[in-house]
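> Need coordinates for the below:
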Amino acid sequence: INAQHSQPTNNYGGACDQLNMVDFINNCNYSAAFDMLNFIYGGNLQEPSPSAVASGQLLKFSQSDFFYVSTPGMYSMDTTGYIYVPSGCADKSKKCKLHVAFHGCGQGHSVIGDHYTRHAGYNEVGELNDIIILYPQAIKSASNLQGCWDWFGYTGLLFATNNGFQPTALKRMVHRVVGK
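Numbers count the residues shown, from 1 in each chain. The predicted structure is shown next:
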């Protein structure tokens, strides 16, 4: 597809071929969220129509709960995160999958509100396929001017290891969701 730097969707956002600096989500008549999740989960997912509505719950949670020695902001993480719980997973009677959806630079809650969590296309796929979507949130800081996840070492030498500050918090979030 002829897309600009964005999260391509099939129903929301700016023009596909133009840079949308508001939230970096573009309507390209293509669901990147579906294709990615379908690939990850073996190619048998049900594809939502462009008019599909996610009828589950998009909930906020405190990311502070997952930092034991410091605050999330010390490692460029927001105090607020989101989780989408599909209607089929709400009562915990069935086994549901979990996907962690990382926003791009400049797409965190502190910059664009809940646009990414509501409009990137993951919730609709999750709803039809019983996939819980966890949306951790990064923020801008003096060492992270664009609000990116730490893929370049701004949180320290352990940034790309299981012992890094962001990966440790993320692992704790996943464990909470899956009941470990």
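
> got the residue ranges for the helices in the chain?
32-40, 109-112, 115-119, 122-129, 165-178 (DSSP state H).

> How about the first one, which residues are buried there?
Just to be clear, that refers to helix 32-40. Under the neighbour-count criterion of 16 or more other CB atoms under 10 Å, helix 32-40 has 32, 33, 34, 37, 38 buried. For every residue, glycine as well, the C-beta is placed using N, CA and C.

> neighbours of the closest residue to residue 4 other than its chain neighbours, just the number please.
Excluding its sequence neighbours, the residue lying closest to residue 4 (CB to CB, 6 or more residues apart in numbering) is residue 19, at 4.7 Å. By the criterion of other CB atoms under 10 Å, residue 19 has 12 neighbours.

> Going forward, count from 55.
Renumbered: residue one is now 55, and that last one reads residue 73.

> now residue 73: how far from residue 118?
Using CB to CB, to the nearest Å, one obtains 34 Å as the distance from residue 73 to residue 118.

> how about the most centrally placed residue in the chain, what does it touch?
What sits nearest the mean C-alpha location of the chain, by CA atoms, centre = their mean, is residue 155, with 2.8 Å. Residue 155 makes contact with 87, 174, 176, 187, 188, 189, according to CB atoms under 8 Å, 6 or more residues apart in numbering.
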